[in-house]
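1. quick one, fold the following:
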Amino acid sequence: MNRESLKAYIEQIRPLNREAMMQMEQYLDGLTKPVGALGKLENLMIQLAGAAGTVEVKTQPKVTVIMCSDNGVCDVGVSSCPQEVTATVTYNFTRGITGMNRLSEFAKADIHIVDVGVKADFSHPLIHNRKVCYGTKNMAIEPAMTEQEALQAISVGIEETEKLIEKGYEIFGTGEMGIGNTTTSAAITAALLEEEIIKVTGKGSGALDTVYHNKVEAIKTALKVHQPTIADPIDVLAKVGGLDIAGLVGVYIAAAKHGKVVVIDGFIAAAAALVAYKLAPITKAYMIASHLSKEAGMALILQHIGLEPHFNLDMRLGEGSGCPILFNLLDMAQYTLLGMGTFEDAGVDKSNYMHIWK
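-> Residues are numbered from 1 along each chain as shown. From the prediction side, this is the model:
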């Protein structure tokens with residue numbers, strides 16, 4: 001995929017179906033409850049209707065796409081975790097023992113594991129080998145990726161999402177695994193939002209003060225040396241981003257193109273959502289923010305895109321862990337609102353209550 005083909009793909013994304021959204025809103029207003037009384041649950045159903053183009057919305061089956069890759073910036077000590085943990089956790093997703101596995105099982109949702117750039121080789125049917133390269137370069141010294149590598153990783157995200165859509169998946173989540181990726185996410189955020197590095201950089205997986213200092217300095221050096229073009233999200237992504245982030249950019253774009261909503265997990269997934277939004281603002285209509293990560297830049301990204309998180313549980317696990325929690329909320333909204341009785345069902349004259357239930 002090159003810039004031209006990506007642009008042509010993005011141009012195929014259509015706005016939410018307003019007629020379906022109006023029909024859903026009218027239906028919800030006719031249920032035996034005050035108008036809008038179930039708040040964001042109703043908004044979710046209206047968004048799902050707009051994405052699907054029908055009031056007959058489906059919330060099953062669901063899947064979180066987990067993009068896994070390594071980051072060369074780890075060479076300068078930006079994480080308290082050894083880089084080998086990326087490969088270990090990527091493999092552990094296949095064993096069903098991670099937090100993301102358990103949350104997904106509870107939510108009756110699947111995970112789709114993609115190796116887009118781990119510094120290890122896998123031979124497991126549940127790990128989809130789409131490796132662009134064995135991790136990025138050290139962005140503190142040289143650009144993390146070439147432009148073509150960044151575009152290839154975006155293409156991987158698009159292609160894997162389209163495969164899942166062909167299998168019938170209706171709802172998507174975004175997950176990742178890659179030691180050092182809060183550093184790349186903070187660099188992208190600082191560049192695209194033109195924010196101070198310190199305002200968007202957190203301690204990731206419990207980094208010590210010395211490690212945090214290394215992280216801030218690595219971002220500062222990378223942005224100063226490579227001078228990414230702020231108006232060019234692909235340039236920013238290639239110079240200071242990660243393969244996992246690029247892969248998730250493709251997930252957001254492909255899902256929107258095919259009329260599927262995508263749930264944002266935490267900071268890394270939000271950084272990918274920011275890149276997708278900058279490339280194609282229309283993708284926002286298909287995004288749902290799950291939780292407010294404890295990472296420093298998360299709130300700033302959501303504010304910039306114009307999204308509100310649905311909960312705040314002080315989470316910072318990553319892996320896509322916020323998605324299955326939000327999936328439960330979607331199921332609850334659909335089960336409740338499409339199962340409630342209307343005023344007509346209840347034998348109640350709605351007009352008698354409208355002066356109260358507004």
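2. in the least confident helix or strand in the chain by mean pLDDT, which residues are buried?
-> Lowest mean confidence among the helices and strands of the chain (mean pLDDT, DSSP states H and E): helix 343-346, at a mean of 72. Buried residues in helix 343-346, counting neighbours by 16 or more other CB atoms under 10 Å, are found at residue 343. In this view, the C-beta of every residue, glycine as well, is placed from N, C-alpha and C.
3. mind checking how far that helix is from the chain centre?
-> Distance of helix 343-346 from its chain centroid, counting by CA atoms, centre = their mean, to the nearest Å, is 39 Å.
4. go on, stretch 26-42?
-> Computed by CA atoms, centre = their mean, the chain-centroid distance of stretch 26-42 equals 28 Å.
5. return the set of buried residues in it.
-> Residues 27, 28, 29, 30, 31, 33, 38, 41, 42 are the ones in stretch 26-42 that count as buried (16+ other CB under 10 Å).
6. how close does residue 310 get to residue 332?
-> Distance of residue 310 to residue 332, computed by CB to CB, to the nearest Å: 11 Å.
7. who's more crowded, the two?
-> residue 310 (20 against 14; other CB atoms under 10 Å).
8. now the phi/psi pair for that one, please.
-> With angles defined as degrees, to the nearest 10, residue 310 sits at phi -90, psi -10.
9. contact partners for it?
-> Residue 310 is in contact with 40, 288, 289, 290, 291, 326, 329, counting by CB atoms under 8 Å, 6 or more residues apart in numbering.
10. now swap in residue 14 and tell me
-> Applying CB under 8 Å, 6+ apart, we find residue 14 in contact with 259, 282.
11. ok, the closest residue to residue 211 other than its chain neighbours - how many residues close by?
-> Nearest non-adjacent residue to residue 211, counting by CB to CB, 6 or more residues apart in numbering: residue 80, 5.3 Å away. For residue 80, the neighbour count with other CB under 10 Å is 15.
12. and what of residue 11?
-> Neighbours of residue 11 (other CB under 10 Å): 11.
13. let's verify the closest residue to residue 66 other than its chain neighbours: helix, strand, or coil?
-> In space, and not counting its chain neighbours, residue 66 is closest to residue 175: 3.8 Å by CB to CB, 6+ apart. The three-state label for residue 175, taken from DSSP: H, G, I helix; E, B strand; the rest coil, comes out as strand.
14. can you pull the phi/psi pair for the most centrally placed residue in the chain?
-> Nearest to the geometric centre of the chain sits residue 264, at 3.2 Å (CA atoms, centre = their mean). Note on residue 264: its backbone torsions stand at phi -90, psi 130 [degrees, to the nearest 10].
15. one more: residue 263?
-> phi -90, psi 130.
16. what sits against residue 231?
-> Per CB under 8 Å, 6+ apart, neighbours of residue 231: none.
17. helix, strand, or coil at it?
-> With three-state DSSP as the basis, residue 231 sits in coil.
18. if we can go back for a sec, and the residue nearest to residue 66, what is it in contact with?
-> By CB under 8 Å, 6+ apart, the contact set of residue 175 is 64-67, 100, 111, 265, 269, 318-321, 323.
19. repeat the analysis, applying 6 Å as the threshold.
-> Residues in contact with residue 175 (CB atoms under 6 Å, 6 or more residues apart in numbering) are 64, 66, 265, 319, 320.
20. in helices, which of the buried residues of stretch 26-42 appear?
-> Among the buried residues of stretch 26-42, the ones falling in helices (DSSP state H) are 27, 28, 29, 41, 42.
21. reformat those residues as TSV; add pLDDT and distance to residue 216.
-> Shown next, in TSV, are those (pLDDT from 0 to 100; distance: CB to CB, whole Å):
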residue	pLDDT	distance to residue 216
27	95	51
28	96	47
29	94	50
41	97	40
42	97	42
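22. ok, of those, which one's closest to residue 224?
-> residue 41 (46.2 Å; CB to CB).
23. separation between that closest one and residue 333?
-> 4 Å.
24. ok, now how distant is the residue nearest to residue 66 from residue 272?
-> 11 Å.
25. which of the three states applies to residue 113?
-> Taking three-state DSSP, the label given to residue 113 is strand.
26. could you list the low-pLDDT ranges of the stretch 251-358 of the chain?
-> 346, 348-358 (pLDDT under 70).
27. and the strands in it?
-> Assigned by DSSP state E, counting those that start in this stretch, the stretch 251-358 of the chain shows strands spanning 262-264, 287-289.
28. deepest of these, which one?
-> strand 262-264 (a mean of 30; mean count of other CB atoms under 10 Å).
29. so what's the residue count around the nearest residue to residue 31 once chain neighbours are set aside?
-> Among residues not flanking residue 31 along the chain, residue 340 sits closest, at 4.6 Å (CB to CB, 6+ apart). Residues lying near residue 340 (other CB under 10 Å) number 15.
30. pLDDT on the longest helix along the chain, on average?
-> Ranked by residue count, the top helix of the chain under DSSP H comes out as helix 147-166. On average, the pLDDT along helix 147-166 is 98.
31. please export the C-alpha coordinates of it as PDB.
-> Extracted in PDB, the C-alpha atoms of helix 147-166 (Å, rounded to 0.1, in the frame of the first residue of the first chain):
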ATOM      1  CA  GLU A 147       7.600   5.400   5.300                       C
ATOM      2  CA  GLN A 148       7.000   2.200   3.400                       C
ATOM      3  CA  GLU A 149       7.300   0.100   6.600                       C
ATOM      4  CA  ALA A 150       4.700   2.300   8.300                       C
ATOM      5  CA  LEU A 151       2.400   2.000   5.300                       C
ATOM      6  CA  GLN A 152       2.900  -1.700   5.200                       C
ATOM      7  CA  ALA A 153       2.000  -2.000   8.900                       C
ATOM      8  CA  ILE A 154      -1.200   0.000   8.200                       C
ATOM      9  CA  SER A 155      -2.000  -2.300   5.400                       C
ATOM     10  CA  VAL A 156      -1.600  -5.300   7.700                       C
ATOM     11  CA  GLY A 157      -4.200  -3.800  10.000                       C
ATOM     12  CA  ILE A 158      -6.600  -3.200   7.100                       C
ATOM     13  CA  GLU A 159      -6.100  -6.700   5.700                       C
ATOM     14  CA  GLU A 160      -6.500  -8.500   9.000                       C
ATOM     15  CA  THR A 161      -9.600  -6.500   9.800                       C
ATOM     16  CA  GLU A 162     -11.200  -7.300   6.500                       C
ATOM     17  CA  LYS A 163     -10.500 -11.000   7.000                       C
ATOM     18  CA  LEU A 164     -12.300 -10.800  10.300                       C
ATOM     19  CA  ILE A 165     -15.200  -8.900   8.700                       C
ATOM     20  CA  GLU A 166     -15.500 -11.600   6.100                       C
END
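32. okay then, goodbye and thanks.
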